[in-house]
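Trainee: Give me coordinates for this.
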Amino acid sequence: MSTWPFGLARCRQRWTIGGHRRLVRAGGQPIEGRLAPLAAGGCASLPAPWGGPLGPVWQGWYPVDIGTRLGQHLAFVEDRPAPLRLRIPIHSGVAKLRWGARTVGWAATALGGLRLFRLWIMRPPRVEVRLRNSGAVLGFAYPTQLVPALVVFGDLIDPEYAFLAAVARPGWIFLDVGAAIGQFTVFAAFSTRGRVHAFEPGSENLATLRSNIARNGIVDRVSIHEMALSNHKGEAEFATASNPFMSRLDRTGPTKGKRITVDTLTNVVERLGIDQVSVLKINVAGFEPEVIEGAIPILAQERVDILILLIGRPSYAAYREISRLGYRLFFFHPPSQRLHEISSIDDEGLIVNRPWPARHVLAIRAKAITAILDGRVTVEPPSQPRRRTSREPKHH
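Mentor: Numbers count the residues shown, from 1 in each chain. This next block holds a predicted model:
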């Protein structure tokens, strides 16, 4: 297995089990239905849509950093029909590339690809990217904190950023749970002039987060909380990973990670004296269900207007509970400025019919939708789903 520039990986070996019906790691072990191990270095053999063997994906190549790794919390393969098992890993990368290129332009994307290649050659200890639209600067350590899409596209292309740019007002209160190096925090404080509470327990991410906040002159609008949020109060082991974005609370017991403070989102909101949260973003390397569980009391009191949630199959039950509490779930399409309501909280609604390469789902308090959108964004009901999986809709 070798990693190559532009977020591609090449398999040195070919492994198949069960008649080409599962992805496998290099070594032959099944990956238990998830694509995440592929991003960590697995190889695969998949069936072609017409039923014949395809060998290693793309004749030995498949997208890792730009595509598959960005979608690692979204994709699963074991219980889908063969054509879907094939197109998830291949088209997630292609769709992400197309989406970003249509957002910033193909020429800019090509230049971004050259920048990524230059980083791979030069290997500087630190990199800065000035965002195209806002002018904010995001720095990070190379290669441990590299975000390939940020380098290639030179901007934050996830649809939720365009949605917030359209509807956010100055003075909104943002909670960034899993702030990492500060992409969302910097956007909220710099671009929308909101007040941000950023939660991040990882030491390496914290250092970069503080640097980015200072670099953009938003220290007065951001409060950093060195802690983790979960469904209980106390302390826990924080298992560090070589990729700091994947460091997380440890469910398995004592580790060599650092001991950190843990609390529920409800307790933190009460302690900070926040009456109403405008936007709550949660992206915590697989611990989203626990964080949501700890926020249920304030969600039941309708004290959060918008949630931005990393899509993950283990979170489906939490999404259903959020829906039961009076929230509606959407994907946002920036070119048309439309919210597309999710038809069902299951694989079909959140993955198969995901109309473009979104990593997050938006949950908006139903009673506040009219006031929040204020005519700036329209809503497409779930009776009109977009049945596209391999490409996003054309621009209008």
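Trainee: and the closest residue to residue 299 other than its chain neighbours, how far is that from residue 344?
Mentor: Among residues not flanking residue 299 along the chain, residue 325 sits closest, at 5.1 Å (Cβ to Cβ, 6 or more residues apart in numbering). In short, each C-beta sits where N, CA and C put it, glycine included. As judged by Cβ to Cβ, to the nearest Å, residue 325 and residue 344 stand 18 Å apart.
Trainee: quick one, which of those two is more surrounded?
Mentor: Under the neighbour definition other Cβ atoms under 10 Å, residue 325 and residue 344 were set side by side, and residue 325 has more, 16 against 12.
Trainee: Could you verify my assumption that the more buried one touches residue 300?
Mentor: Yes - look at residue 325 against residue 300 with Cβ atoms under 8 Å: they come within range, at 5.4 Å.
Trainee: measure residue 118 to residue 203 for me?
Mentor: Distance from residue 118 to residue 203, by Cβ to Cβ: 28 Å.
Trainee: Likewise for residue 312?
Mentor: 25 Å.
Trainee: got it, and residue 197?
Mentor: For residue 197 relative to residue 203 (Cβ to Cβ), the value is 19 Å.
Trainee: Who has more neighbours out of these two?
Mentor: residue 197 (22 against 14).
Trainee: Just say helix, strand or coil for that one.
Mentor: The three-state label given to residue 197 by DSSP: H, G, I helix; E, B strand; the rest coil is strand.
Trainee: Report the beta-bridge partners for it.
Mentor: residue 175, residue 223 (DSSP bridges).
Trainee: Isn't it up against residue 227?
Mentor: No - counting by Cβ under 8 Å, residue 197 does not reach residue 227; the two are 10.9 Å apart.
Trainee: Low-confidence ranges, the stretch 151-300 of the chain, go.
Mentor: Low-confidence segments of the stretch 151-300 of the chain, defined by pLDDT under 70, span residues 239-257.
Trainee: Give the burial count for residue 337, as a bare number.
Mentor: 16.
Trainee: residues contacting it?
Mentor: 166, 376, 377, 378 (Cβ atoms under 8 Å, 6 or more residues apart in numbering).
Trainee: For it, give its distance to residue 202.
Mentor: Residue 337 is 35 Å from residue 202, by Cβ to Cβ.
Trainee: Helix or strand for residue 209, just tell me which one.
Mentor: Using DSSP states H and E, residue 209 sits within helix 203-215.
Trainee: Can you spell out which helices and strands pack onto that helix?
Mentor: strand 137-141, helix 183-186, strand 222-225 (3 or more Cβ pairs under 8 Å, 6 or more residues apart in numbering; DSSP states H and E).
Trainee: Excluding its own residues, what touches stretch 294-301? List them.
Mentor: Contacts for stretch 294-301 (Cβ under 8 Å, 6+ apart): 229-232, 263-267, 269, 277, 280, 292, 304, 321-322, 325, 327.
Trainee: List buried residues within those residues.
Mentor: 229-231, 263-266, 269, 277, 280, 292, 304, 321-322, 325, 327 (16 or more other Cβ atoms under 10 Å).
Trainee: Considering those, which is situated nearest to residue 130?
Mentor: residue 280 (27.9 Å; Cβ to Cβ).
Trainee: how about residue 316, what does it touch?
Mentor: Residue 316 neighbours (Cβ under 8 Å, 6+ apart): 345, 346, 350.
Trainee: Excluding chain neighbours, what is closest to residue 266?
Mentor: residue 297 (4.4 Å).
Trainee: Can you list the low-confidence ranges for the stretch 1-150 of the chain?
Mentor: Within the stretch 1-150 of the chain, the segments meeting pLDDT under 70 span 1-92.
Trainee: now residue 233: how far from residue 315?
Mentor: For residue 233, the distance to residue 315 - Cβ to Cβ - is 22 Å.
Trainee: higher neighbour count, the two?
Mentor: residue 315 (24 against 12).
Trainee: count of residues packed around residue 297?
Mentor: So residue 297, with other Cβ under 10 Å, has 15 neighbours.
Trainee: Also residue 170?
Mentor: Counted with other Cβ under 10 Å, residue 170 comes out at 8.
Trainee: OK, contacts around it?
Mentor: For residue 170, the contact set (Cβ under 8 Å, 6+ apart) comprises 192, 193, 194.
Trainee: what's the answer for residue 119, then?
Mentor: 127, 142, 143, 146, 151.
Trainee: can you give me the helices for the stretch 101-250 of the chain?
Mentor: Using DSSP state H, counting those that start in this stretch, the helices of the stretch 101-250 of the chain run over 106-122, 148-153, 159-167, 183-186, 203-215.
Trainee: Please convert the ones you listed to a markdown table, extending it with distance to residue 357.
Mentor: Output for the helices of the stretch 101-250 of the chain, formatted as a markdown table (distance: least, Cβ to Cβ, whole Å):
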| stretch | distance to residue 357 |
| --- | --- |
| helix 106-122 | 14 |
| helix 148-153 | 10 |
| helix 159-167 | 9 |
| helix 183-186 | 17 |
| helix 203-215 | 24 |
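Trainee: ranking those helices by burial, who's on top?
Mentor: helix 183-186 (a mean of 26; mean count of other Cβ atoms under 10 Å).
Trainee: Pull out the CA atoms of that one and give them to me as CSV.
Mentor: What follows is helix 183-186, C-alpha atoms only, in CSV (Å, rounded to 0.1, in the frame of the first residue of the first chain):
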residue,chain,number,x,y,z
GLN,A,183,-12.5,25.7,10.3
PHE,A,184,-16.0,26.2,11.5
THR,A,185,-15.1,28.4,14.5
VAL,A,186,-13.2,30.9,12.2
